[in-house]
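Asker: whatever this is, show me its structure:
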Amino acid sequence: MNKRILGLALPNIVTNITVPLLGMIDLAIVGHIGNQTHIGAIAIGVTIFNFIYWNFGFLRMGTSGFTAQAYGSRNFAEAMKALTRALSLALSIALILIVLQLPIAHFSFWVIDGSPQMKQLAYNYFRIRIWAAPATLCLYGIKGWFIGMQNARIPMYISLFMNVLNIFLSFLFVLVFHMDIEGVAWGTVLAQYGGLLTAAIYWLVYYRRFLRYFNLKQSLHWAEMLRFFQVNGDIFLRSLCLVSVFTFFPIAGAKMSDEILAINTLLLQFFMLFSYIIDGFAYAGESLTGRYIGANNNHRLKQSIRLLFRWGLALSLIFTIIYAWVGEKLLWFFTNDPAIISAAHPFYGWVLLVPLLGFAAFLWDGIFIGATASKPMRNTMFIATALFFLLYYAFFPLLKNNALWLALLAFLFARSLVQTVYAKRVIFGIKKERCK
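Answerer: Predicted coordinates:
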């Protein structure tokens, strides 16, 4: 079982690690061509798109869960339906986002505080990157489908190609053609479409036989779509809470000062690095949980979950040690401004607590997604989000920016605790009939 977990987790880790590394490269590029205003502008631009795209994370998560269960029961027609639904919905959502881009931009910059120069730079980034929406959302669905089919290698190859291309284009546009922050945005747009083309080629090479199962009318049948929307609706609400927290984080920092916004942006890179690595094991949890529930194999289900948590605990200890040993030195990679690095020092201790308090939340998310146990995920996120805002507003007058980090850690730990309580009933007590 450990071999099977690593066979799924390691490719997903490689896939995931390219995402924060890409963000770090973008941050490093603008951090060396500009000042804290450029860093803050990237933070605002990325925050807006995180808010947009993370809300539609169900395109990956829901597709993964449904596909894994179809794979476990060897129902390949249903697996094809899951992909068809995901891509149809992704294109519909992307069209709406493009049509409504101006209202979205005006609302976003009304909500987010920052200097006029910072907002202008962020808007320049936004108006270009929004055109990547069709590719980005379709890739969510395709990657979720591959993961559900127990194939983590193809998403890894897609992400490696896409993110290497993105980094190359960003360097080219910014450092060679001097396109400033717009160059970073164009690099992302072109790389997303390159990734989508790569995904289509892989699918045709390895899964062309599934075309015989394609039936748009049956895939979009109302009764089946209702179940699809029910699960994904819960995941959407869960994602909305998650995005609210991580969108509020830079907004709160910006209200304190441009310096605090820059500091929090830098320190969050450590959180993102750990989260994308532990998510590799969460994705393995999605695949295996869905597979064993689909196959009605409770013994394998329990065994896989037990081993996933052993891996998670080991990783959290390793990251805590690494961050304590060399973490602060890594800040120089993101910026060469000694004032920002010095100002970040008092808040660095919070980073050390993230792995130990947060790893279980990520693993449970993957397991619950694989089980399509969407309501408990949603309810857990409601509780954790309420706790986040309660603690922030209660302690902000006394702790200022420290209150923001305290609330974030409580948010992670609450998710871990509540889902652990839920798991006995909704995961280990689950019946195959509930997943059909």
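
Asker: give me the neighbour count for Ile293.
Answerer: Using other CB atoms under 10 Å, Ile293 has 27 other residues around it. Glycine gets a C-beta too; all of them are placed from N, C-alpha and C.

Asker: my bad, Arg415
Answerer: Arg415 is surrounded by 27 other residues when neighbours are defined as other CB under 10 Å.

Asker: so who does it touch?
Answerer: 360-361, 364-365, 380-381, 384 (CB atoms under 8 Å, 6 or more residues apart in numbering).

Asker: now tabulate these in TSV and tack on neighbour count, distance to Leu242 and pLDDT.
Answerer: Compiled in TSV, the contacts of Arg415 are given as follows (neighbours: other CB atoms under 10 Å; distance: CB to CB, whole Å; pLDDT from 0 to 100):
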residue	neighbour count	distance to Leu242	pLDDT
Ala360	21	16	93
Ala361	25	10	93
Trp364	29	13	94
Asp365	25	9	91
Thr380	25	11	95
Met381	27	6	94
Ala384	24	9	96
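
Asker: which one of these is nearest Ala70?
Answerer: Proximity of these to Ala70 (CB to CB) peaks at Asp365, which lies at 20.5 Å.

Asker: surely the closest one is in contact with Ser374?
Answerer: No. Under the criterion of CB atoms under 8 Å, Asp365 lies out of contact with Ser374, with a separation of 11.1 Å.

Asker: list residues touching both of those two?
Answerer: Shared contacts of Asp365 and Ser374, defined by CB under 8 Å, 6+ apart, are absent.

Asker: how near is Arg425 to Phe368?
Answerer: Separation of Arg425 from Phe368 (CB to CB, to the nearest Å): 12 Å.

Asker: between these two, who's got more neighbours?
Answerer: Taking neighbours as other CB under 10 Å, Arg425 and Phe368 compare with Phe368 leading, 29 against 11.

Asker: which non-adjacent residue is nearest the more buried one?
Answerer: Met377 (4.7 Å; CB to CB, 6 or more residues apart in numbering).

Asker: next one: Ala152
Answerer: In space, and not counting its chain neighbours, Ala152 is closest to Pro11: 3.8 Å by CB to CB, 6+ apart.

Asker: contacts only, for the one you found.
Answerer: 152-153, 155-156, 280.

Asker: could you check the pLDDT of the residue nearest in space to the middle of the chain?
Answerer: To find the centre residue of the chain, average its C-alpha atoms and take the closest one (CA atoms, centre = their mean): that gives Trp54, at 6.4 Å. You'll see Trp54 listed with a pLDDT of 76.

Asker: ditto for Leu197
Answerer: Here the pLDDT value assigned to Leu197 is 96.

Asker: where's the closest residue to Phe396 other than its chain neighbours, which helix or strand?
Answerer: Spatial nearest neighbour of Phe396, excluding adjacent residues (CB to CB, 6+ apart): Ala403 at 4.4 Å. Following DSSP states H and E, one finds Ala403 within helix 401-426.

Asker: what mean pLDDT does that helix get?
Answerer: Helix 401-426 shows a mean pLDDT of 92 in the predicted model.

Asker: Ser257: neighbour count?
Answerer: Counted with other CB under 10 Å, the burial measure for Ser257 works out to 14 neighbours.
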